[in-house]
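1. curious how this folds, go ahead:
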Amino acid sequence: MSEKDLYGILGVAKDAANDEIKRAYRKLARRYHPDVNPGNRDAEERFKKVSEAHDVLTDPEKRKIYDEFGYEALTAGFDPERARAARDAYSRASAAGSDHFSEGGGFYRFEDIFGDAFTSDGQSDGRGGDLETSLEIGLLDAVRGTSTEFDINHPENCSACDGSGRDRAAETQCPECGGRGRVRIGQGPISMEKRCPNCGGAGRVSSKACPTCHGSGQTSRHERLRVHIPAGVDTGSRVRVAGKGMPGRGGGPPGDLYIVIRVVPHRLLERRDRDLYMDVPITVGEAVLGASIDIPTPHGQVRVKVPPSSQSGRLLRVRSHGVPNPKGETRGDLYLRLLVQVPKEAGDEVRNAAKAIDAVYSEDVRGELRL
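-> Numbering: from 1, shown residues only. All right, here's what the predicted structure looks like:
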């Protein structure tokens, strides 16, 4: 199975409905979740692939672009409009019996034009690359959503060379494009242009590296970011911070920063997909007679009725007090697992009460305990 086949990763057909995709994702996410496979790098990578496939195929716009252009179209900065224009131009050229565009004795294949939907590092014209970092948050913050601050060393274009990496004092006009930064491809109705490969679109070239950034085109500055983490995120979720990625080139916009979330387990709450589970101690009297008890939840305190004759381990359901869906769907439920607690100090009064309770059992409580 190819790592680029998102449908194959989830094991669904290309015409699978959203609900089917979500069910397949939940099943695989439980199997490969890092908390279930601590230290297993293969499972962690598999979980990332499953999460990526889910994120793309449940987003109508991303799924449309993926179905039309394939996995490469998911690269940050891919321009579908430019790719469609190039594809249409190629179709017209093919109808004329050629898959090449000629100009001045030179030939350019369609791939040259289509590839210009990206720059050499996979970004669209002038746009900076994306960055990725990780962030640990507690389970309650993941359920409720939170705002937090963290420090990053943010790359930016070198002010001395404006991000070109060249010594501006030694720059000359690019001989390939005559300083325009673009070269023409094709003639007539399908004439197109692409970025000059010699100067990278700058229109100027230099044989010397910038003395400030030593040719990298970038410097680094410390920045403290405040970001909002939406309610319902889970380990592996990615939160986008627009404009905080790599700086753009030639005046282009910067890329984005993606924060990969890792949720730290809670001492009382256990998360299973969108549902939460919590153990709740109750007394013998509450178990036998029933009671109304106050329970803390991530969304506020609630009063819950314990039915009479409740056994230890019984589950009570509190609707809509689980984990919200970041996309706005109904949130999950909270399940309370009742645990009957006996008194820690067993004096005469407790022992007599226990004997009285034992005397009223009408069945053998271990009668079904057979292997």
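
2. for the stretch 1-150 of the chain, give me the ranges with low pLDDT.
-> Applying pLDDT under 70 to the stretch 1-150 of the chain flags the ranges 1-3, 72, 75-78, 83, 85-126.

3. now the strands for it?
-> All strands of the stretch 1-150 of the chain, identified by DSSP state E, counting those that start in this stretch, fall at 100-103, 106-109, 131-138, 146-157.

4. partner strands of the helix or strand following the last one and their direction?
-> As assigned by DSSP states H and E, the chain's next helix or strand after strand 146-157 is strand 172-173. According to DSSP bridges, the neighbouring strands of strand 172-173, each with its direction, are strand 204-205 (antiparallel).

5. can you give the contact residues for the strand it pairs with?
-> 164, 166, 171-175, 179, 198-199 (CB atoms under 8 Å, 6 or more residues apart in numbering). For the C-beta atoms, the positions are set from N, CA and C on the backbone; glycine is no exception.

6. could you point out which element follows it?
-> That would be, after strand 204-205 and using DSSP H and E, strand 218-229.

7. now do the buried residues in the next helix or strand after that following strand.
-> Next along the chain after strand 218-229, taking DSSP H and E as the criterion, comes strand 238-241. Applying a neighbour-count criterion of 16 or more other CB atoms under 10 Å, one finds 239, 241 buried in strand 238-241.

8. which other helices and strands does strand 238-241 contact?
-> strand 218-229, strand 257-264 (3 or more CB pairs under 8 Å, 6 or more residues apart in numbering; DSSP states H and E).

9. which strands or helices does the last one pack on?
-> Right, strand 257-264. strand 131-138, helix 139-144, strand 218-229, strand 238-241.

10. deepest in the core, which of those is it.
-> Ranked by average neighbour count under the criterion mean count of other CB atoms under 10 Å, those are headed by helix 139-144 at a mean of 20.

11. out of the contacts of strand 204-205, name the two that are farthest from one another.
-> Spatially, the most separated pair among the contacts of strand 204-205 is 164 and 175, at 16.8 Å (CB to CB).

12. so these two - more neighbours on which side?
-> residue 164 (23 against 10; other CB atoms under 10 Å).

13. buried residues, stretch 42-51. List them.
-> Using 16+ other CB under 10 Å as the test for burial, stretch 42-51 gives 43-44, 46-47, 49-51.

14. and the closest residue to residue 281 other than its chain neighbours, how many neighbours?
-> Nearest residue to residue 281, sequence neighbours excluded (CB to CB, 6 or more residues apart in numbering): residue 341, at 4.6 Å. Counted by other CB under 10 Å, the residues lying close to residue 341 total 13.

15. distance of residue 341 relative to residue 359?
-> Using CB to CB, to the nearest Å, we find residue 341 at a distance of 22 Å from residue 359.
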